[in-house]
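Enquirer: What follows is a predicted protein model with its sequence.
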Amino acid sequence: MSDVRLVVQRFDPFRDEKPRLVEYAVPRREGMTVLDALLYARDYLDHSIGLRFSCRQASCGSCGMKINGRPRLACYTQVDELSTEKVLAQPMDNFAIIKDLVTDLESFFAKHRELTPHLVRADTQEVEHPTAEFLMSPEELERVLQFTYCIKCGLCTSSCPTVATDSKFPGPQAMAQAYRYTVDVRDEGGDLRLAALDDAHGIWRCHFAGSCSAVCPKGVDPALGIQLLKRHVMSGKAPRKQGEGAKVWSPPAQKQ
Amino acid sequence: MKESRLMLIQYATAVVAVVLVSVHLIMQGVIYPYSTAISFSNMLSVYRNGFYAIFLEALLVIVLVHGFNGVRIILHELRQSAPWTRWVDAGTVVAIVAAVAYGTRTIILAIFGGVAG
């Protein structure tokens, strides 16, 4: 088996004027992921390669990067599936580079937080000290389920053409999560999110390019969520107001 | 005005513009031969027909609102500072009012005189 020709974009903003490409020869093995190749290069060839990773199983979203020009998770991309002579690893677009393949996700998470990505309810006592479950049917769960698979890797945001030009645009991840909580029958905070999104740099700047959905490694369709959320923003009406969220439900006590 | 209202206007003017421009093109290219339709005397007679005058004024307003609102959206994506946003919004209103006034002036002059037929 020939070596993998791994090309890594190197850039240290404190030392380098511009990014440069460095090639490493990594011994190929069956089932090798791009993250495996990068870790080999870092461990045995160049200790200074900067990369972020954690779970190695597409659950944490830490190793998002551009591989052969497309945003992907390094741990979820096998070298052989790329079928190219070289494997080019670059940092995600639309994010500032901290070092090499490590990007700054601070604004990404800040935008996520701005859209209240959690259940908002009037009965805070029940939320903080639950006595039972909030009633939710399987159909109601199905409506939001795919959006709960988001691992906040940032790939959708790195592929979004609007994020590339509008620094105030919340981005597909934040807006898809805003949809996920707004249509959740247990939530009563839709008004907060709709007001935040109805802005000159808000949800209307999404032109439905669809690249966010195309690159999501978890099969989430953020573009769908955004289009569905536009309907609520246009009407100005959240699906539920305070006090209209799903009721508390206790399963009947089982007989001994 | 809320962005959602501005976008509603954008979508509504797009739909209406498709209808009005289609009718306009049919009138100019199908019902009348194109060479006749754009002759000066024919244009004057079109402007002096009450129905067409209202139709053309509506076309003018709808297309300008849609077009300038579209430019406003593009400019908002270009830069994001608060002063820029304010200037773009104000500039859009001024541009629409000025362009509608100039186009309306042409129609009024054609109808009420100032242009020899």
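Expert: Yep, it's here.

Enquirer: chain center to the helix or strand hosting B:I74, what's the gap?
Expert: Assigned by DSSP states H and E, B:I74 belongs to helix B:50-78. Distance, stretch centre to chain centre, for helix B:50-78: 4 Å (Cα atoms, centre = their mean, to the nearest Å).

Enquirer: Quick check: buried residues in it?
Expert: B:52-53, B:55-57, B:59-66, B:68-69, B:72-73, B:75-77 (16 or more other Cβ atoms under 10 Å in any protein chain shown). Quick note: C-beta positions are derived from backbone N, CA and C, even for glycine.

Enquirer: next one: stretch B:96-106
Expert: Using 16+ other Cβ under 10 Å as the burial criterion, the residues of stretch B:96-106 that qualify are B:I96, B:A99, B:V100, B:G103.

Enquirer: got it, and stretch B:87-97?
Expert: Buried residues in stretch B:87-97, counted by 16+ other Cβ under 10 Å: B:V88, B:D89, B:T92, B:I96.

Enquirer: Can you show me the CA trace of that stretch as PDB?
Expert: C-alpha atoms of stretch B:87-97 as PDB (Å, rounded to 0.1, in the frame of the first residue of the first chain):
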ATOM      1  CA  TRP B  87     -28.100  55.000   5.300                       C
ATOM      2  CA  VAL B  88     -29.000  52.100   3.100                       C
ATOM      3  CA  ASP B  89     -32.600  52.100   4.400                       C
ATOM      4  CA  ALA B  90     -33.000  55.900   4.000                       C
ATOM      5  CA  GLY B  91     -31.300  55.800   0.600                       C
ATOM      6  CA  THR B  92     -33.700  53.100  -0.600                       C
ATOM      7  CA  VAL B  93     -36.700  55.200   0.300                       C
ATOM      8  CA  VAL B  94     -35.300  58.300  -1.400                       C
ATOM      9  CA  ALA B  95     -34.300  56.400  -4.500                       C
ATOM     10  CA  ILE B  96     -37.800  54.800  -4.800                       C
ATOM     11  CA  VAL B  97     -39.600  58.200  -4.300                       C
END
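
Enquirer: Can you tell me, leaving aside adjacent residues, what's nearest to the residue positioned nearest the centre of chain B?
Expert: With distances taken as Cα atoms, centre = their mean, the residue of chain B nearest its centroid is B:L60 (2.3 Å). Excluding the flanking residues, the one nearest B:L60 by Cβ to Cβ, 6 or more residues apart in numbering or on different chains is B:G103, at 4.4 Å.

Enquirer: Contact residues of chain A facing chain B?
Expert: Residues of chain A lying close to chain B by Cβ under 8 Å from any Cβ of the partner chain are A:162, A:165-169, A:198-202, A:204-205, A:233-234, A:236.

Enquirer: Let's see if you can find the most crowded of those.
Expert: Counting neighbours by other Cβ atoms under 10 Å in any protein chain shown, A:V233 comes out on top of the residues of chain A next to chain B with 28 neighbours.
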